[in-house]
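Trainee: sequence-free structure coming up:
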């Protein structure tokens, strides 16, 4: 059986484009080009039935290495903690105060984009520090 070559991470959300653009800023991702035959995503959206307009959006890693992120509108709001979350790796290879400084710097940048700082998980005998955060729709993620 061949191995999987790519994955896509899908988010259920209320406002797909807004959340996608937030994650573009967090990860340095970009909005992919609109489908063939459409000059813009707005042109594409206008071609859809009204009930499908604004129902989905995506962002991609411009290097092609990271997974595509797909955002789909769902009617229900977020109620409980995520069973899956993203770790945004900003402190890889750093330890102690240097790691904390990198996490805090990135946290400040993301809070300015609308993220919420939840709590610091301090270093222990097994793990370095990480920061638990929420995106603009309340989805948990970690700065690691």
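Mentor: Nice, I can see it. Note that the coordinates shown come from a computational prediction; the quantities given were computed from them, not determined experimentally.
Trainee: can we go C-alpha only for contacts and neighbour counts from here?
Mentor: Will do.
Trainee: can you show me the helices along the protein?
Mentor: Ranges of helices in the chain, per DSSP state H, are 16-27, 41-46, 96-112.
Trainee: identify, out of the ones you listed, the most deeply packed stretch.
Mentor: Comparing the helices of the chain by mean neighbour count (mean count of other Cα atoms under 10 Å), helix 16-27 ranks first with a mean of 18.
Trainee: name the residues that touch that helix?
Mentor: For helix 16-27, contacts defined as Cα atoms under 8 Å, 6 or more residues apart in numbering pick out 13, 29-31, 54-60, 69-73, 88, 110, 113, 135-137.
Trainee: now with 6 Å?
Mentor: By Cα atoms under 6 Å, 6 or more residues apart in numbering, the surrounding residues in contact with helix 16-27 are 30, 56, 57, 71, 72, 73.
Trainee: with stretch 97-107 instead?
Mentor: residue 91.
Trainee: check the offset of it from the chain's centre.
Mentor: Distance of stretch 97-107 from its chain centroid, counting by Cα atoms, centre = their mean, to the nearest Å, is 19 Å.
Trainee: okay, the most centrally placed residue in the chain: pLDDT?
Mentor: The centre of the chain sits closest to residue 23, judged by Cα atoms, centre = their mean, with a distance of 3.9 Å. For residue 23, the pLDDT comes out at 98.
Trainee: please apply the same query to the one 3 residues further on.
Mentor: Among the per-residue scores, residue 26 shows a pLDDT of 97.
Trainee: look up how far residue 10 lies from it.
Mentor: As judged by Cα to Cα, to the nearest Å, residue 26 and residue 10 stand 16 Å apart.
Trainee: thinking again about what came up before, any idea which of the helices of the chain gets closest to residue 123?
Mentor: helix 96-112 (7.9 Å; Cα to Cα).
Trainee: between that closest one and helix 16-27, how big is the angle?
Mentor: Inter-element angle recorded for helix 96-112 and helix 16-27: 150 degrees (by axes from the mean of the first three to the mean of the last three Cα atoms, to 10 degrees).
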